[in-house]
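Engineer: Below: sequence and its predicted model.
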Amino acid sequence: MATLAQIREGIANAIFDEADVPAWSTIPSSIVPPCVYVRPVSQTRGTMNRQGGGSVSYEFELIVVAALADTHHGQDVLDELISTGTNQSIVDVFNDRTVLDLAETTVTADGWTDYTTTTIGDRSYMTATIECSVYTGAQ
C-alpha cells in the first residue's frame, strides 16, 4: 500500500507531467507562480482484512497559485488552471483515476473552492483549492 509521502509525490508528479505546471509535494518556503502545492487534509482507514491489509482513503487540497500582477490577469491564469477542458487543467489530470501509477490506488479531483487572493510571505496571489481524494488498498 502506498505511503502518504508516495501519494503526495505522485499527485505533484502527475500535475507536472500532465498539465505542465510546477507542483510541490510539500508546502514550499517560496513560490514562483503559476504552481500547485499538495496539502494533506485527512486520512480514514477502511475495513482491515485478516492479513493486516485493507483500505485507506486520503483527502488532499491542491492549492493552485497564480501571480497577481493585476486582478484580471491573475484570474485569467487561475481560470485556465482550475477549469476543465483547458491545456493546463489540474482537474483534468485526474480524469484517469490511475494516473498516480501506484498499485491499488485511485484518485479523483472534483471541483474547486476558496477562489480568492491570498498573501504568502509578503506577496499577494490569486489562489483556488481543488479537492482531491485518493483511495488505496484492496478494492
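Structural biologist: Perfect, I can see it now. Residues are numbered from 1 along each chain as shown.
Engineer: Ala41 against Glu59, yeah?
Structural biologist: Not quite, residue 41 is Val, not Ala. Yes: if you go by Cβ atoms under 8 Å, Val41 and Glu59 touch, sitting 4.3 Å apart. Any C-beta I mention is one placed from the backbone N, CA and C, and that applies to glycine too.
Engineer: Pull up the overlap in contacts between these two.
Structural biologist: Contact criterion Cβ atoms under 8 Å, 6 or more residues apart in numbering; residues shared by Val41 and Glu59: none found.
Engineer: Any regions of the chain where pLDDT drops low?
Structural biologist: When residues are selected by pLDDT under 70, those of the chain lie in 47-53, 70-71, 138-139.
Engineer: Could I get the full set of strands for this protein?
Structural biologist: Ranges of strands within the chain are 23-24, 35-48, 54-67, 105-120, 123-137, based on DSSP state E.
Engineer: Centre-most residue in this structure?
Structural biologist: Taking Cα atoms, centre = their mean, the centroid of the chain lies closest to Leu62, which sits 3.3 Å from it.
Engineer: OK, contacts around the residue nearest to it when sequence neighbours are not counted?
Structural biologist: Nearest-residue entry for Leu62: Ile130, 4.1 Å, with adjacent residues in sequence omitted and distances by Cβ to Cβ, 6 or more residues apart in numbering. Counting by Cβ under 8 Å, 6+ apart, Ile130 touches Glu61, Leu62, Val64, Ile82, Ile90, Val91, Ala109, Gly111, Trp112.
Engineer: measure the second one to Arg45 for me?
Structural biologist: Translated: Leu62. Here the distance between Leu62 and Arg45 works out to 23 Å (Cβ to Cβ, to the nearest Å).
Engineer: swap in the third one?
Structural biologist: Applying Cβ to Cβ, one obtains 29 Å for the distance of Val64 from Arg45.
Engineer: quick one, which of the two is more surrounded?
Structural biologist: With neighbours defined as other Cβ atoms under 10 Å, Val64 and Arg45 compare such that Val64 has more, 28 against 10.
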